[in-house]
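Enquirer: Below is the structure, and that's it, no one-letter string:
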């Protein structure tokens, strides 16, 4: 399968330069970028970009895809009400048979936002994996996850997928947080990390009360707790990182841990603002995540990009905080790092063809003073003209190129949502 | 001209209820809402909504449309650099011949965001008025505006448009701020307000330094200054209102002044956060604005809606702050009030046909747990399926229904932008 993108602007993300030219995808990788003119008959597919921009797809480094059934279910509630009276009782209703459909709606939304890969963490990972493969979506999934008391054997079995270098889904090790697992789950996870040498992913220092309670329980911060037990010896990522002290940051640096910031979720749930500018100054790698659709509620990297810089400008009282290209790096290159996707980070020959096309003919992209600024500050889902993953176009001109009928997916999800919404006494 | 919208969900915005049925537009007004079945042959246009949602268009209560040429021109700069080295020198290059084209790009973007009316404030109001009328866009424009030292005669002439009750553009009186006009301009404005009985619109208490300097200069706050000079005797609106004291709020209440909050502009320029929750508690009417495309940078009401509630949740440390329906009211009903558009606020028989259709088949709108929450928390431009103003569809299925070729507009604007960008020594 060979695809030619002609008449493109190309932002490789190796630097801020935007070049004009053509890009060729052969099977699932980029095989040419430059100004050569090709014989179009040699290609299975020729796309005239008409000056629109090709760039690496966005990587959503923290989400819970299948939580779509809880979107808009209990907004504007207190965090305690939301979690204990609305979210947890309905999550208890979840069963294996529903995760596939619920995940599909999330994947459709990722495609509309130019998201070509996610780090996902939720129940029923086998169902998630199969759904991604069915659609052709790329993901990193957490093999270990304590809320469903997964066994060590299950986790090791899931990690077998990593041996297939062509697999669209890879596994890492993770826990929900410092405050949810049993001591046994900590021990199992610790063993898994030693045996698999995989990196560790966890919600960490998301709220002030979480950190405070950890101090009360253990006399140390959540980061100090996990580090002292060697959880980050293979690196990994922390989700949120809103309340990190200087020692936490030292430990993050020591193990090259990535901080995945989720500005919209932290804002909407009133958790706080991650000190991204400070972390960047200390040399920490920042990636971006949407969090799940129950908390954010959109699965949209444009929202996260605007907010990560906007909120730093606001809290630092400094409009210079975090320039646009730095933000774009977080959403692409750093996200790829969080996914362990070294060959899917930038547009270069040999890299994976996870590519999006930005429609510069939307009015929000006009005039063209600075395309990078346009994307970060006035970009939204409506500027995504195409999303290609692993060499296959899955979304083009507002339409999904998937086998299943989208309305059928919605109907199934609506039915499931209504079933799952009934809170059992 | 008669248009039938059939199989619609309808959110009238008179309350939170969503009904199923049909809506008829005759010429520029709504002539029927209900469940009757019509003979389709009686209509010039029949649109099958397929269960999508009709609701009142959004009203953008503060913008500077023609500033499109400055979008992305100098992001991530300090406020002083931005204003004095980037914005003002380029605004000095503005001439009558460019405002039309620059305004058109803004109007196109308004249409993509379901914005059916704006309160605009900028140079060359005649050009702005003609452009709105040419496209069929509704606006309130500021007759008086001090940066271009407009004469009283010019203002009175502009206000003549108000006598035509069918005019798409109406005028109110305004100044840029407390810190820009000469004493003569204050006097002329004061006379105009007395003679025309029109309401007064002004940037007010946008930044901490603005308020501080007003105290130094006049011993009172900007609100106290204008009120003491009877500027708000006919009501009106203040733009931004980030730094208001309790006495200011009393005066705002006394004259039924509307506070137009611009959360994204205030965030991106690091100005602060308007205390919207507090103002709502005191009974103040809040409308929303995007501000101009040089400061925000998107002309998008979904962004403002998400931020106005998100930022209150964050700064109040309370996720209950400002529920979704309250936000939707700000963006529609209260915006209409800010425009003096009492007959364009909700969907009811006899009201102006300024209507949008929300595409509920976008993945971000699925599943349907709560449509109002969906719009406010996961809505973005891509869910706007149709924008109708004054009974005419101007945007439908991502395409603009205007006479001029959109690419031609972009080409002209690009050329103008490059010309205007040259800063003269």
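Expert: Thanks, I have the structure now. Note that this is a predicted model, so its numbers are computed, not measured. Numbering: from 1, shown residues only, chains lettered A, B, ... in the order given.

Enquirer: And for stretch A:10-17, what's in contact with it?
Expert: Identification of contacts with stretch A:10-17 by C-beta atoms under 8 Å, 6 or more residues apart in numbering or on different chains yields A:18-21, A:23, A:33, A:53-56, A:325, A:328-329, A:332-333, A:345-348, A:371-372. Quick note: C-beta positions are derived from backbone N, CA and C, even for glycine.

Enquirer: buried set for it?
Expert: For stretch A:10-17, burial by neighbour count (16 or more other C-beta atoms under 10 Å in any protein chain shown) applies to A:10, A:11, A:12, A:13.

Enquirer: Over to residue A:192. Which of the three states is it?
Expert: Here residue A:192 takes the helix state, with states given by DSSP: H, G, I helix; E, B strand; the rest coil.

Enquirer: In contact with it, which residues?
Expert: Contacts for residue A:192 (C-beta under 8 Å, 6+ apart) come out as A:143, A:144, A:152, A:155, A:156, A:173, A:198.

Enquirer: again, 6 Å this time
Expert: Neighbour list for residue A:192: A:144, A:155, A:173 [criterion: C-beta atoms under 6 Å, 6 or more residues apart in numbering or on different chains].

Enquirer: One more: residue A:46?
Expert: With C-beta under 6 Å, 6+ apart, residue A:46 has these contacts: A:4, A:40.

Enquirer: what element comes up after the helix or strand where it lies heading to the C-terminus?
Expert: Counting by DSSP states H and E, the element that carries residue A:46 is strand A:45-48. Next along the chain after strand A:45-48, taking DSSP H and E as the criterion, comes strand A:53-56.

Enquirer: Contacts made by that following strand with the rest, please.
Expert: So strand A:53-56 is contacted by A:5, A:8-11, A:13, A:23, A:332, A:346-347, A:355, A:357-358 (C-beta under 6 Å, 6+ apart).

Enquirer: Same question for stretch A:60-74.
Expert: Outside stretch A:60-74, the residues that touch it by C-beta under 6 Å, 6+ apart are A:82, A:86, A:99, A:102-103, A:105-106, A:115, A:118-122, A:239, A:260, A:262, A:287, A:289-294, A:297, A:335, A:338, A:417, A:420, B:369-370, B:373-374.

Enquirer: filter those residues to the buried ones?
Expert: A:82, A:86, A:99, A:102-103, A:105-106, A:115, A:118-122, A:239, A:260, A:262, A:287, A:289-294, A:297, A:335, A:338, A:417, A:420, B:369-370, B:373-374.

Enquirer: Inside helices: which ones of those?
Expert: Under the assignment DSSP state H, those contribute A:99, A:102, A:103, A:105, A:106, A:335, A:338, A:417, A:420, B:373 to helices.

Enquirer: Make TSV from these and add pLDDT to it.
Expert: As requested, those are exported to TSV (pLDDT from 0 to 100):
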residue	pLDDT
A:99	96
A:102	98
A:103	98
A:105	98
A:106	98
A:335	98
A:338	98
A:417	96
A:420	94
B:373	97
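
Enquirer: Pick out whichever of those residues sits closest to residue A:28.
Expert: Closest approach to residue A:28 among those (C-beta to C-beta): residue A:335, at 18.8 Å.

Enquirer: What sits closest to that closest one if chain neighbours are left out?
Expert: Closest residue to residue A:335 apart from its sequence neighbours, by C-beta to C-beta, 6 or more residues apart in numbering or on different chains: residue A:59 at 2.7 Å.

Enquirer: Span of stretch A:272-286 from start to end?
Expert: Start-to-end span of stretch A:272-286 (C-alpha to C-alpha, to the nearest Å) is 17 Å.

Enquirer: Report the contact partners of residue A:312.
Expert: Residue A:312 is in contact with A:276, A:277, A:321, A:322, counting by C-beta under 6 Å, 6+ apart.

Enquirer: Name the nearest residue to it, sequence neighbours excluded.
Expert: residue A:321 is the one closest to residue A:312 (C-beta to C-beta, 6+ apart), at 4.1 Å.

Enquirer: Quickly note the distance from that neighbour to residue A:295.
Expert: Here the criterion is C-beta to C-beta, to the nearest Å. By it, residue A:321 lies 24 Å from residue A:295.

Enquirer: Mind checking what secondary structure residue A:349 has?
Expert: coil.

Enquirer: Excluding chain neighbours, what is closest to it?
Expert: Setting aside the residues directly before and after it, residue A:349 is nearest to residue A:30 in space (C-beta to C-beta, 6+ apart), at 5.6 Å.

Enquirer: Surely the one you found touches residue A:351?
Expert: Yes - with contact defined as C-beta atoms under 6 Å, residue A:30 reaches residue A:351; the gap is 5.2 Å.

Enquirer: who's more crowded, these two?
Expert: residue A:30 (24 against 20; other C-beta atoms under 10 Å in any protein chain shown).

Enquirer: check contacts around the more buried one.
Expert: The contact partners of residue A:30, by C-beta under 6 Å, 6+ apart, come to A:349, A:351, A:353.

Enquirer: Of the ones in helices among the buried ones among the contacts of stretch A:60-74, which is the nearest to residue B:397?
Expert: residue A:105 (21.7 Å).

Enquirer: contacting residues around the closest one?
Expert: Contacts of residue A:105 by C-beta under 6 Å, 6+ apart are A:68, A:413, B:363, B:366.

Enquirer: Can you add secondary structure and distance to residue A:393 and give the contacts of strand A:53-56 back as CSV?
Expert: Below are the contacts of strand A:53-56 laid out as CSV (DSSP: H, G, I helix; E, B strand; the rest coil; distance: C-beta to C-beta, whole Å):
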residue, secondary structure, distance to residue A:393
A:5, strand, 10
A:8, strand, 14
A:9, strand, 18
A:10, strand, 17
A:11, strand, 19
A:13, coil, 20
A:23, strand, 13
A:332, helix, 19
A:346, coil, 20
A:347, coil, 16
A:355, strand, 9
A:357, strand, 9
A:358, strand, 15
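
Enquirer: ok, so of these, who is nearest residue A:189?
Expert: The nearest member of these to residue A:189, counting by C-beta to C-beta, is residue A:332 at 29.8 Å.

Enquirer: Now do the strands in the stretch 1-150 of chain A.
Expert: Here the stretch 1-150 of chain A has its strands, by DSSP state E, counting those that start in this stretch, at A:2-11, A:18-26, A:29-34, A:45-48, A:53-56, A:58-63, A:115-120, A:138-142.

Enquirer: ok so, going back, please produce JSON lines containing the contacts of residue A:312, extended by secondary structure, neighbour count and pLDDT.
Expert: Shown next, in JSON lines, are these (DSSP: H, G, I helix; E, B strand; the rest coil; neighbours: other C-beta atoms under 10 Å in any protein chain shown; pLDDT from 0 to 100):
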{"residue": "A:276", "secondary structure": "helix", "neighbour count": "26", "pLDDT": "98"}
{"residue": "A:277", "secondary structure": "helix", "neighbour count": "21", "pLDDT": "98"}
{"residue": "A:321", "secondary structure": "coil", "neighbour count": "21", "pLDDT": "94"}
{"residue": "A:322", "secondary structure": "coil", "neighbour count": "23", "pLDDT": "96"}
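
Enquirer: Of all pairs in those residues, which one spans the longest distance?
Expert: Within those, A:276 and A:321 form the most distant pair, 8.3 Å apart (C-beta to C-beta).
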